[in-house]
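1. Requesting a structural model of the entry that follows:
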Amino acid sequence: MERIFLIGYMGVGKTTLGKGLAKALNLEFVDLDLYIQARYQKTVTQLFEEYGEDGFRKIENKLLKEVSDFENVVISTGGGAPCFYDNIDIMNRKGKTVYLKASTDLLHSRLLTCRDKRPLLQNKTDEELYNFIKENLRKREPFYSKAKYTLEAEELVSRDDIEKYVSLLSELLNIKH
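-> Next comes the predicted model:
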């Protein structure tokens, strides 16, 4: 029985790599944010607007506990999920946790094009976005670093890199694919 959690900052490639890993290992894939959206029939942005970040984090915690009981699954979490309540501890108890680590520069370049779709990034200038990412990474690093494994994701820059990273991740987790 496999249960793998991919954590890291938004834009690092958790969902894209998670789908590739799940396919290679013949596991189910769950994107926690999409799971939340399906359950509440609202986007993450709408949930943030309606409940505030605090309310959203409570929903996220509740549904993380639910998906943590799924078997033979790769779960991609939102960037903040490991940093609230005891979420990182839940994930570490329930399965293998992998921190996909990337630099502020790489994350900034990726998030420039999709900041409007992410509630915490909306209406930020390029400089504000860079500083926001840098500061948030600093705050979140103590939580991310509690993951059982860390994979440098600096070279995960395009969909063409997925196969290479699936192999790296499989080796790191000692799983044959």
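2. ok, and what's touching the helix or strand that residue 18 is a member of?
-> Counting by DSSP states H and E, the element that carries residue 18 is helix 14-25. Residues outside helix 14-25 that contact it (CB atoms under 8 Å, 6 or more residues apart in numbering): 2, 4, 6-8, 27-29, 31, 73-77, 100, 153, 156, 159, 162-163, 165-166, 169-170, 175, 177. Any C-beta I mention is one placed from the backbone N, CA and C, and that applies to glycine too.
3. make it 7 Å
-> Contact with helix 14-25 is made by 2, 6, 8, 28-29, 31, 74, 76, 100, 156, 159, 162, 165-166, 169-170, 175, 177, as judged by CB atoms under 7 Å, 6 or more residues apart in numbering.
4. Of these, just the buried ones, PyMOL syntax please.
-> Typed into PyMOL, the line below selects the buried ones among the contacts of helix 14-25, using 16 or more other CB atoms under 10 Å:
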select buried, resi 2+6+8+29+31+74+76+100+156+162+165+166+169
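5. among the contacts of helix 14-25, which are in strands?
-> Cross-referencing the contacts of helix 14-25 with the strands (criterion: DSSP state E) gives 6, 28-29, 31, 74, 76, 100 as the overlap.
6. Redo the residues you listed as JSON lines? Include distance to residue 50.
-> As requested, the ones in strands among the contacts of helix 14-25 are exported to JSON lines (distance: CB to CB, whole Å):
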{"residue": "6", "distance to residue 50": "27"}
{"residue": "28", "distance to residue 50": "29"}
{"residue": "29", "distance to residue 50": "27"}
{"residue": "31", "distance to residue 50": "20"}
{"residue": "74", "distance to residue 50": "29"}
{"residue": "76", "distance to residue 50": "23"}
{"residue": "100", "distance to residue 50": "29"}
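7. tell me which of those is nearest to residue 49?
-> residue 31 (20.4 Å; CB to CB).
8. partners of that closest one in the sheet?
-> Using DSSP bridges, the bridge partners assigned to residue 31 are residue 76.
9. Tell me which residues of stretch 18-35 come out buried.
-> Along stretch 18-35, the positions that meet the burial threshold by neighbour count (16+ other CB under 10 Å) are 18-22, 24-25, 27, 29-33, 35.
10. Using PDB, list the CA coordinates for it.
-> Extracted in PDB, the C-alpha atoms of stretch 18-35 (Å, rounded to 0.1, in the frame of the first residue of the first chain):
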ATOM      1  CA  GLY A  18       2.000  14.000  -9.000                       C
ATOM      2  CA  LYS A  19       0.000  13.000 -12.100                       C
ATOM      3  CA  GLY A  20       3.100  11.600 -13.800                       C
ATOM      4  CA  LEU A  21       4.200   9.700 -10.700                       C
ATOM      5  CA  ALA A  22       0.700   8.200 -10.100                       C
ATOM      6  CA  LYS A  23       0.500   7.100 -13.700                       C
ATOM      7  CA  ALA A  24       4.000   5.500 -13.700                       C
ATOM      8  CA  LEU A  25       3.200   3.700 -10.400                       C
ATOM      9  CA  ASN A  26      -0.400   2.800 -11.400                       C
ATOM     10  CA  LEU A  27      -1.700   4.700  -8.400                       C
ATOM     11  CA  GLU A  28      -4.700   7.100  -8.000                       C
ATOM     12  CA  PHE A  29      -3.900  10.800  -8.000                       C
ATOM     13  CA  VAL A  30      -5.600  13.400  -5.800                       C
ATOM     14  CA  ASP A  31      -5.000  17.100  -5.900                       C
ATOM     15  CA  LEU A  32      -6.200  18.300  -2.500                       C
ATOM     16  CA  ASP A  33      -7.300  21.700  -3.800                       C
ATOM     17  CA  LEU A  34      -9.400  20.100  -6.500                       C
ATOM     18  CA  TYR A  35     -10.800  17.600  -4.000                       C
END
